[in-house]
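Colleague: have a look at this prediction, sequence included:
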Amino acid sequence: MAQPPILSWENLGLQQGGRWLFGGPNQDNIDLHIGPRDRLALIGRNGAGKTTLFRLIDDKLDADQGQRKVKPGTRIVVLEQDPDVSAHKTLMDFALGGENPPAEHEVEAIAGQLGIDMSRECKGASGGEKRRAAIARALAQDPDLLLMDEPTNHLDLAAIDWLESWLDRYTGAFVVISHDRTFLKRLTRATLWLDRGTMRRKEVGFGGYEAWEEQVYAEEARAAEKLDAKLKLEAHWLERGVTARRKRNQGRLEKLWQMRAQRASMIDTSGTAKLKLATAEDFKSKSVIVADHVSKAYGDRTIIRDFSLRIQRGDRIGIVGANGAGKTTLLKLLTGEIEPDSGTVEIAKTLTGVMIDQQRSLLGEGKTVRQVLAEGGDWIDVRGNRKHVQGYLKEFLFDPGIVDTKVDILSGGERSRLLLAREFARASNLLVLDEPTNDLDLETLDLLQEVIADYEGTVLIVSHDRDFLDRTVTVTLGLDGSGKVDVVAGGYEDWVAKRRQPIAGKSKAPAKQSPPPPPPPPKADKLSYKDQRDYEALPARIEELELAIARGEEILADPELYTKDPQRFATIMKGIENARSEKDEAEERWLMLAERVEG
């Protein structure tokens, strides 16, 4: 028999900024029930209201309608995404602050397991230290309901493993917001999905979420077929925007397995790159970075020892290891920012890099999205191709209407996505990503995976996001803190499998391999050459027509235009009518072709 909930929100509705974020007259209000042993993933795009829902659950925000019920004695604890430690001297002061401070010995016990010195001053603490202190503070309070907002941000792999083990033994309930797919798949048993002002619940963990999401969108698209063509197309776009990206990424994953197999043939059994295989001509034509017997130490501590690697054009290199193991040092060596103590690093003279390190301050205070992307204009140069700024925003999952919005009011995830959009537009052949997945929602992670796969240059990625590395990199450089660097063809799981292999001379267990390529998609209706060309080109043409209509309507908004220049007014009106007519025809034709392709 199911146990009664420890917390409920019934008929929840909330307005923000003059619009209904949850519920309201055009949506069903939200009903939320959390049981005493629930393990819930809270999913939704940036801006859907996930953190706001946490504040409502924690009674830190008043709703416009609905009733909150809590079982007496229930302890609710929030692990915030960005804990504010500024009012405290030391991390222990921070941990013992608040309304219901935990016992100091409980904090010390958890902090010891996380490897954090709680006597450290807050002013000089790193993001990872603040995150560990916040975890120690939250868990030491022995919560009945734990609300976690991006708990793995700024944690290294060892700390993530520890937190997963603790939560696996935890006897209370938790709700978690996270972009870490591996974390969610391992721990959650049910999913809450915030989508367009409503919330759905399904008794499956995150591992079953994507299939459920596609099923919901497919049902909506079928229901919309009874309505007018415009709504039908919009529903189809919605479904296709999710499912098609995943289908494209499945194709990219298959290509990734092939690239890993090629790279494996260039790495010997000891885990170092076969430098001797490459000739001088190979270096000129393919290699962009060559590290040969490189070592680096700081004082008595060796950070990198006798490391060799040849990085080719188009390689995707992942760098993993615990905090302090030397990831940043290795990255700086490979990019020429620092010199090795011994050995050499040769970098191709033609290499031009872009660094994306989540420093959102680089976007500039007080600027608008248009100013950040296009220096205030309407067009942006994207790696040599001229694109309208509003069309480019759509490629990064933004509503084009935010083009004149101040960057300051965007969410942390939206600012991260805007930074990605700006940096990916720059011409380069080396992309350096330092913890790129922090603050990104799952849909944006799919987009980032897609953009990296299509990038023509070389990519270096430092990340603790295990699933993201498995989906993007061809070679993993694993650091264990001793100075040794494992060179492994494949992603994070391939590196873990290599570390599990027994030493030479003992019985050898088979290593875990990358998953096999996905099965080919079902055969679709074959299009003629003209139909195929239209199917591929019409979406871009529809966007061009939408922009042309918007520009025309903006000009017509001048109340004096008709009086000053009636002929121009008539010409623009006619142009808008023609564009709308062409757009309607293009949408109808694309929809017909899409239905043939997708069955």
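Modeller: Perfect, thanks for sending it. Residues are numbered from 1 along each chain as shown.
Colleague: so for the strand or helix carrying Thr476, mean pLDDT?
Modeller: According to DSSP states H and E, Thr476 maps onto strand 475-479. Mean pLDDT, strand 475-479: 95.
Colleague: same check on stretch 531-540?
Modeller: For stretch 531-540, the mean pLDDT works out to 83.
Colleague: contacting residues around that stretch?
Modeller: Residues outside stretch 531-540 that contact it (Cβ atoms under 8 Å, 6 or more residues apart in numbering): 527, 586, 589-590, 593-594, 596-597. Quick note: C-beta positions are derived from backbone N, CA and C, even for glycine.
Colleague: direction included, what does the strand holding Thr476 pair against?
Modeller: strand 316-321 (parallel), strand 485-489 (antiparallel) (DSSP bridges).
Colleague: which one (most neighbours) among the contacts of stretch 531-540?
Modeller: Trp590 (21 neighbours; other Cβ atoms under 10 Å).
Colleague: thinking again about what came up before, may I have the strand holding Thr476 as CSV, with CA atoms only?
Modeller: What follows is strand 475-479, C-alpha atoms only, in CSV (Å, rounded to 0.1, in the frame of the first residue of the first chain):
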residue,chain,number,x,y,z
VAL,A,475,40.2,10.2,-27.1
THR,A,476,40.2,10.5,-23.3
LEU,A,477,43.2,11.7,-21.3
GLY,A,478,42.8,10.4,-17.7
LEU,A,479,44.9,11.8,-14.9
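Colleague: so that it lines up with my notes, have the first residue be 187 from now on.
Modeller: Noted, 187 is the first residue going forward, which turns the last one into strand 661-665.
Colleague: now do it: everything it contacts.
Modeller: By Cβ under 8 Å, 6+ apart, strand 661-665 touches 446, 449, 453, 495, 501-508, 511-513, 516, 655, 671-678, 680-681, 684-685.
Colleague: quick one: the helices in the stretch 237-386 of the chain?
Modeller: Using DSSP state H, counting those that start in this stretch, the helices of the stretch 237-386 of the chain run over 277-281, 290-300, 313-326, 343-355, 367-373.
Colleague: Ile647 is nearest to which of those helices?
Modeller: Ile647 lies closest to helix 343-355 among the helices of the stretch 237-386 of the chain, at 14.3 Å (Cβ to Cβ).
Colleague: give me the domain ranges for the chain.
Modeller: Domains of the chain are assigned by automatic domain parsing as 193-403, 448-538+615-686, 708-783.
Colleague: ok, which of the ones you listed comes nearest Asp594?
Modeller: Nearest to Asp594, of these and by Cβ to Cβ, is domain 193-403 at 14.6 Å.
Colleague: show me how far that closest one is from its chain's centre.
Modeller: With Cα atoms, centre = their mean, to the nearest Å as the basis, domain 193-403 stands 18 Å off its chain's centre.
Colleague: try stretch 724-738
Modeller: Chain-centre distance of stretch 724-738: 29 Å, with Cα atoms, centre = their mean.
Colleague: what is the least confident helix or strand in this protein?
Modeller: Within the chain, no helix or strand scores below helix 466-471, which has a mean of 46 by mean pLDDT, DSSP states H and E.
Colleague: note down every partner strand of whichever helix or strand comes after that one and its orientation.
Modeller: Following helix 466-471 in sequence order, the next helix or strand is strand 473-484 (DSSP H and E). With DSSP bridges as the test, strand 473-484 is paired with strand 487-498 (antiparallel), strand 528-533 (antiparallel).
Colleague: what comes up buried for strand 473-484?
Modeller: Using 16 or more other Cβ atoms under 10 Å as the test for burial, strand 473-484 gives 473-478, 480-482.
Colleague: may I ask you to confirm that Gly313 is in contact with His340?
Modeller: Yes: between Gly313 and His340 there is a contact under Cβ atoms under 8 Å: 4.0 Å.
Colleague: neighbour count: the two, which is higher?
Modeller: Neighbours were counted for Gly313 and for His340 using other Cβ under 10 Å; His340 has more, 21 against 15.
Colleague: model confidence for the more buried one, exactly?
Modeller: With respect to pLDDT, His340 has a value of 86.
Colleague: that one contacts Lys316, correct?
Modeller: Yes: under the criterion of Cβ under 8 Å, His340 makes contact with Lys316 at 7.4 Å.
Colleague: closest to Ile566 out of the domains of the chain?
Modeller: Among these, domain 708-783 comes nearest to Ile566, with 13.2 Å by Cβ to Cβ.
Colleague: pLDDT weak spots in this structure?
Modeller: 187-188, 407-436, 454-471, 543-550, 688-711, 777, 781, 783-785 (pLDDT under 70).
Colleague: closest to the centroid, which residue in it?
Modeller: The chain has Leu631 as the residue nearest its centroid, 3.0 Å off, counting by Cα atoms, centre = their mean.
Colleague: buried residues in the helix or strand where that residue lies?
Modeller: Taking DSSP H and E as the definition, Leu631 sits inside helix 628-640. Across helix 628-640, burial judged by 16+ other Cβ under 10 Å covers 628-636, 638-639.
Colleague: now swap in stretch 589-601 and tell me
Modeller: Result for stretch 589-601 [16+ other Cβ under 10 Å]: buried residues 589, 593, 596, 598-601.
Colleague: Ala534: which of those is nearest?
Modeller: Taking Cβ to Cβ as the measure, Ala534 sits nearest to Arg601 out of the buried residues of stretch 589-601, at 32.7 Å.
Colleague: you'd agree that closest one is up against Val593?
Modeller: Yes: at 6.4 Å, Arg601 and Val593 qualify as touching, with contact defined as Cβ under 8 Å.
Colleague: hmm, back to that, and of the helices of the stretch 237-386 of the chain, who's closest to Asp620?
Modeller: For Asp620, the closest of the helices of the stretch 237-386 of the chain is helix 313-326, at 12.0 Å, according to Cβ to Cβ.
Colleague: give me the residues contacting the closest one.
Modeller: Residues outside helix 313-326 that contact it (Cβ under 8 Å, 6+ apart): 263-266, 269, 271, 277, 280-282, 284, 288-289, 292-293, 295-297, 300-302, 304, 306, 308, 311, 332, 334, 337, 339-342, 345, 349, 352, 509.
Colleague: show the buried residues in those.
Modeller: 263-266, 269, 271, 277, 280-282, 288, 292-293, 296-297, 300-302, 304, 306, 308, 311, 332, 334, 337, 339-342, 345, 349, 509.
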